[in-house]
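*Asks:* Okay, structure incoming, though there's no sequence with it:
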C-alpha cells in the first residue's frame, strides 16, 4: 500500500500519526507518490505512546508470509518505533529483533526499535513472519514510544513509513554451477 488511493484503511490512535506528504525538516517527502504515514505532519507534539494500525489481512493462502515497507527515522536517541502484529485484535507481539534481517531495528530501546537521527533517505525493511502462515486475521501496527511528558515539543521529525506490503516470500533456489 503506497497510500495514494485516498481511501483510509489505516487508523491512528491520536493525531501524532498522519497520512500525507511528510513536512518535517529532514523527513519532507514520501518514498513514492505524495503520501506516506508519518509523525511529522502536525508540529510533532508527541504523546507518550501512539500507534497507527493496519487494516485486516487474510494470510489463509500464505505459507511463508513476509512484510516489507520503506521507512525514514529522525528520532531522538532513546525514543523508539517498532512494528507489532495481532491475530485476535487483543494480544500484540513484536516482529523481530535488532539486525534480524534487512534494516530491521537498530536499537534495544523498548525491547527492539528504530531510533536515531542520522538517516538522510528512505530505507527498505523486510522481515519473514512464518508464525502468521495460514492465519485468516492479521493486523499490524507501528508503535511510537517516547519517555517524556505528553505534549512536549521536539526538534526531531519522528518516523515515516510508505509502500507497506505483505506477500508470499519467494523461494530462492541457489546452486553452484561451476567451481574454478
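*Replies:* Right, received. Where do you want to start? Just so it is clear, the model here is predicted, and its values are computed rather than measured. Numbers count the residues shown, from 1 in each chain.

*Asks:* Name the helix or strand for residue 24, please.
*Replies:* In the assignment (DSSP states H and E), residue 24 maps to no helix and no strand.

*Asks:* Find me the pLDDT at it, would you?
*Replies:* Listed pLDDT for residue 24 reads 86.

*Asks:* Please list all residues in contact with it.
*Replies:* 38, 40, 44, 74, 157-158 (CB atoms under 8 Å, 6 or more residues apart in numbering). C-beta here means a position set from N, CA and C on the backbone, and glycine is covered the same way.

*Asks:* one more time with 7 Å
*Replies:* 40, 74, 157 (CB atoms under 7 Å, 6 or more residues apart in numbering).

*Asks:* Show me what residue 143 bridges to in the sheet.
*Replies:* residue 51, residue 82 (DSSP bridges).

*Asks:* do you know how far it is from residue 28?
*Replies:* Distance, residue 143 to residue 28, using CB to CB, to the nearest Å: 23 Å.

*Asks:* Comparing the two, which shows the higher neighbour count?
*Replies:* residue 143 (19 against 14; other CB atoms under 10 Å).

*Asks:* For this structure, which residues score under the pLDDT cut-off?
*Replies:* 1-2, 6-7, 41-48, 109, 147-154, 172-180 (pLDDT under 70).

*Asks:* And the helices in the protein, which stretches?
*Replies:* Using DSSP state H, no helices are found in the chain.

*Asks:* Can you give me the distance of residue 130 to residue 103?
*Replies:* Taking CB to CB, one finds residue 130 at 19 Å from residue 103.

*Asks:* Who has more neighbours out of the two?
*Replies:* residue 103 (15 against 11).

*Asks:* which residues touch residue 57?
*Replies:* By CB under 7 Å, 6+ apart, the neighbours of residue 57 are 138, 166.

*Asks:* do you know how far it is from residue 74?
*Replies:* For residue 57, the distance to residue 74 - CB to CB - is 28 Å.

*Asks:* Provide a complete list of residue ranges assigned to strands in this protein.
*Replies:* For the chain, the strands defined by DSSP state E cover 11-12, 18-20, 36-38, 49-53, 65-74, 80-86, 93-94, 123-128, 139-145, 158-168.
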